[in-house]
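Asker: coords please:
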Amino acid sequence: MTLRLALALCLLALPALAEQRAVAPGPGLAAAIAGAAPGDVLLLQGGDYPGPVRIDRPLTLRGPREARVDGLGQGTVITIAAPDVALEGFSVTGSGNANADLDSGVKILKGADRARISGLLLQDNMHGIDVHGGRDAQVTGNVIEGRRNPRMNDRGNGIYIWNSPGTVVTGNSVRWGRDGIFSNTSRKGLYRGNLFRDLRFAVHYMYTHDSEVSDNISIGNHLGFAIMFSDRVKVQGNRSLGDREHGVMLNFANSADVSGNLVRGGTKKCLFIYNAHKNLIWGNRFEGCGIGIHFTAGSERNVLTGNAFIGNAEQVKYVGTRLLEWSFKGRGNYWSDHPAFDLNGDGIADSVFRPNDLMDHILWSQPAARLLTGAPSVQLIRWSQSNFPATLPGGVVDSAPLMAPLTLPVSADIAAMEAEVAGRWAKGNFDDFNPDDLGSH
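Answerer: As a prediction, this is how the structure comes out:
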């Protein structure tokens, strides 16, 4: 064994020299960071700590909620510029107002890998947490309350993720602000078990691939879960309750697994699919929406099976002439308006279901034709198509409709939050957000 190797082994065997250092409230936090050794734990006490501050070495900042780091309206409150930094327990407030600069409560820069942000209370910041290039960040159990500017698009996001592979966001509560999670140009993220309320989007994906959005709850937002320009995303077990526009949206999203999601409560469109291909959509429940599923723009090779469409004003909106089969391996979907019977008791209806007819196509493409809805000629066309299906011009067909819907539970506390927002959108609280204006995203 060489002398150099022996010295190295001895150094590895030494105990860590990290210390716990108490930091009194007041202006000394930046100096305490500058004087700390890598690995030290800085213990904050109840009281105010003026910022902003920058962490440029591996440290842990820990404190109770009563300890408050206040940016005093200047830029980002806490900037993390080193790997292996942890923030735990305390409060962060008072970022600047520059949305273009992504002023935030906490910002994690490129190279600041493996940051851990847990149990913080973040209030009155432009963006709550900005994961801006750091890899493998963990954002867990934080409470983020955004700003409430009259124009929603002037607010910041609860959690903004940009080019930060491996980010894990779990167990956070995000309210007000713009989007709960906005993930842009990233990959391999896990966003699970978060609660989103009173926002524009609960989860907003742009160019985020090979990732997972699961077991999140969206209540009373303008839009629930928007997966846009992203491939191979798992969208599983989420709840969209009382959202306004869409519960789930797949826009230029391919090869997604969309399963176990519940959308209900007056949403305009439970599921909106626009130019999205090769997606597996199964085991979801779409209930009480204006449109159960709006399927458009040549979306191809999608599989829909085991879903339940219950009490939607229109179960399916599909304007096209191609034949779409919405069953898979002898198993279709449940349709609450299908007068089905099952003589052999196998759980599959004995008659094929077509959710739309030729008149639906005419009414969607020519809204003025609604004036003729009750006319005898329209009733004759519909009677003819129901008795002579060969006259139909293509469209959606479910050859194996299910006799019973699946149920997806909602806990009592979440149901109570859902009840609080019931009827919200009937009052005309539409803010300044148009989901069809992609430039505003």
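
Asker: Could you pull up phi and psi at Ala32?
Answerer: phi -60, psi -40 (degrees, to the nearest 10).

Asker: Against Thr185, how distant is Ser164?
Answerer: According to CB to CB, to the nearest Å, Ser164 stands 9 Å off from Thr185. In short, each C-beta sits where N, CA and C put it, glycine included.

Asker: So which of those two has more stuff around it?
Answerer: Comparing Ser164 with Thr185 by other CB atoms under 10 Å, the one with more neighbours is Ser164, at 27 against 13.

Asker: Mean confidence (pLDDT) on whichever strand or helix holds Ile281, please.
Answerer: Here Ile281 sits within strand 280-282, counting by DSSP states H and E. For strand 280-282, mean pLDDT rounds to 98.

Asker: just checking, what packs against that strand?
Answerer: Here strand 280-282 touches strand 257-259, strand 303-305, going by 3 or more CB pairs under 8 Å, 6 or more residues apart in numbering; DSSP states H and E.

Asker: Now Ala98. Nearest residue, chain neighbours left out?
Answerer: Among residues not flanking Ala98 along the chain, Met126 sits closest, at 7.1 Å (CB to CB, 6 or more residues apart in numbering).

Asker: Next, count neighbours for that neighbour.
Answerer: Neighbour count of Met126, defined by other CB under 10 Å: 28.

Asker: Repeat that for Arg232.
Answerer: Neighbourhood size, Arg232 [other CB under 10 Å]: 15.

Asker: Kindly report the same for Pro64.
Answerer: When neighbours are counted by other CB under 10 Å, Pro64 comes out with 14.

Asker: likewise Tyr191?
Answerer: 28.

Asker: Please apply the same query to the one 4 residues further on.
Answerer: In terms of burial, Leu195 registers 19 neighbours under the definition other CB under 10 Å.

Asker: just checking, it touches Asn172?
Answerer: Yes: in this structure, Leu195 is within contact of Asn172 by CB atoms under 8 Å, at 7.5 Å.

Asker: Would you mind measuring from the residue nearest to Ala98 to Gly345?
Answerer: Using CB to CB, Met126 is found at 60 Å from Gly345.

Asker: ok, now Tyr191?
Answerer: Distance of Tyr191 to Gly345, given as CB to CB: 42 Å.

Asker: likewise Thr60?
Answerer: 62 Å.

Asker: In terms of neighbours, single out the busier of these two.
Answerer: Taking other CB under 10 Å, Thr60 and Gly345 do not tie; Thr60 has more neighbours (19 against 7).

Asker: What is the one helix or strand Ile33 maps to packed up against?
Answerer: Under the criterion of DSSP H and E, Ile33 resides in helix 29-35. On a contact count with 3+ CB pairs under 8 Å, 6+ apart, helix 29-35 meets strand 20-23, strand 41-44, strand 53-55.

Asker: Any buried residues in that helix, and which?
Answerer: Across helix 29-35, burial judged by 16 or more other CB atoms under 10 Å covers 29, 32-33.

Asker: quick check: mean pLDDT across it?
Answerer: For helix 29-35, mean pLDDT is 97.

Asker: Show me how far that helix is from its chain's centre.
Answerer: For helix 29-35, the separation from the chain centroid amounts to 37 Å (computed by CA atoms, centre = their mean, to the nearest Å).

Asker: Can you list the low-confidence ranges for the stretch 1-150 of the chain?
Answerer: The stretch 1-150 of the chain contains residues with pLDDT under 70 at 1-17.

Asker: What residues are bridge-paired with the closest residue to Arg116 other than its chain neighbours?
Answerer: Nearest non-adjacent residue to Arg116, counting by CB to CB, 6+ apart: Ala86, 4.2 Å away. Taking DSSP bridges as the rule, Ala86 bridges to Thr60, Arg116.

Asker: Tell me how many other residues crowd Ala86.
Answerer: Going by other CB under 10 Å, the residues that sit close to Ala86 add up to 18.

Asker: That one and Gly283, how far apart?
Answerer: 38 Å.

Asker: Could you pull up the mean pLDDT of stretch 412-425?
Answerer: 94.

Asker: Could you pull out the buried residues of that stretch?
Answerer: Buried residues in stretch 412-425, counted by 16+ other CB under 10 Å: 417-418, 421, 424-425.

Asker: what's the farthest-apart pair in the residues you listed?
Answerer: Based on CB to CB, the longest span within those runs between Met417 and Trp425 and measures 15.7 Å.

Asker: Spatially nearest residue to Val410 (excluding sequence neighbours)?
Answerer: If the residues on either side of it in the chain are set aside, Val410 comes closest to Arg239, at 6.3 Å by CB to CB, 6+ apart.

Asker: circling back: name the next helix or strand following the strand holding Ile281 along the chain.
Answerer: Downstream of strand 280-282, the first helix or strand assigned by DSSP H and E is strand 285-287.

Asker: Name the strands paired with that following strand and say parallel or antiparallel.
Answerer: By DSSP bridges, strand 285-287 pairs with strand 262-264 (parallel), strand 308-310 (parallel).

Asker: after that strand, next one along is what?
Answerer: The first helix or strand that comes after strand 285-287 along the chain, using DSSP H and E, is strand 291-296.

Asker: give the contact list for Ser327.
Answerer: By CB atoms under 8 Å, 6 or more residues apart in numbering, the contact list for Ser327 reads 305, 333, 398-401.

Asker: Just give the nearest non-adjacent residue to it, would you?
Answerer: Once flanking residues are discounted, Ser327 sits nearest to Ala400: 4.2 Å by CB to CB, 6+ apart.

Asker: The one you found touches Trp326, doesn't it?
Answerer: No: applying CB under 8 Å, one finds Ala400 not in contact with Trp326, separated by 9.3 Å.

Asker: who has more neighbours, those two?
Answerer: It is Trp326, of Ala400 and Trp326, that has more neighbours when counted by other CB under 10 Å, with 25 against 21.

Asker: ok, that one - contacts?
Answerer: When contacts are counted by CB under 8 Å, 6+ apart, Trp326 touches 304-305, 332-333, 396-398.

Asker: Restricted to strands, list those.
Answerer: Members of the contacts of Trp326 lying in strands (criterion: DSSP state E): 304-305, 396-397.
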